[in-house]
Every structure is written in structure tokens, then in C-alpha cells.
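Colleague: here are the coordinates; sequence isn't available:
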């Protein structure tokens, strides 16, 4: 796939249809649907409003709880980048109330 000038590249994502739960930092849990995923991130569909830069944890079947940062957000859709425990974009990794491991 050719990218336009100025486009920040990312690994190709694979289409999926997965029900997941997003855990917000305030402890709120929201059911979502993942519609594509790679080892670096995913696209989320939900009626929930996400904020760019927001840190969340996504409970994904067979993968468990994944730490992530919202990188873009539109009405009913958002893109998240998965974060490692030592990623500087993730502070207070275990601070989300009700979040496990």
C-alpha cells in the first residue's frame, strides 16, 4: 500500500469482529467492538466518546488486558496504540480502579 506524503506508517491491521471491554482510568467499563487489529494497535467502534491521548486498558478475548493510548477519535470510532508497561506514554499503569494485571 502506498502512503501519502506526511502519512505516519503503521503495520497493516487485520479485519476482525471482536467484542471487548475498554477500562477507562476512572474505572468506567465500556463494551466495544474491535474491527481491526495488529500487534501494535486496533480500531474500536463504540457509542462511547474517546479522547485523543487518553490511556485505557482493553480486555481482548484470548489476549487479556492490553494497555493502550487513543491516537485518533471520531464519532463512534477510535484508533488505539498498544503500550508496553515501560512505555513513557503509560503512567500509573495499574491505577485504573478495577483493572487487573
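Modeller: That came in fine, so what should we check first? As the structure is a prediction and not an experimental result, all values here were calculated from the model.
Colleague: contacts only, for residue 14.
Modeller: Listed by Cβ atoms under 8 Å, 6 or more residues apart in numbering, the contact set of residue 14 reads 36-38. All C-beta atoms are positioned from the backbone trio N, CA, C, and that covers glycine.
Colleague: please redo it, this time with the cut-off set to 10 Å
Modeller: Contact analysis of residue 14 by Cβ atoms under 10 Å, 6 or more residues apart in numbering lists 36-39, 42.
Colleague: quick one: which of those residues is most hemmed in?
Modeller: Among these, residue 42 has the most neighbours (other Cβ atoms under 10 Å), with 24 neighbours.
Colleague: before we move on, which element is that residue in?
Modeller: Take DSSP states H and E as the rule and residue 42 turns out to sit in strand 41-45.
Colleague: flag every buried residue along that strand.
Modeller: Buried residues in strand 41-45, counted by 16 or more other Cβ atoms under 10 Å: 41-44.
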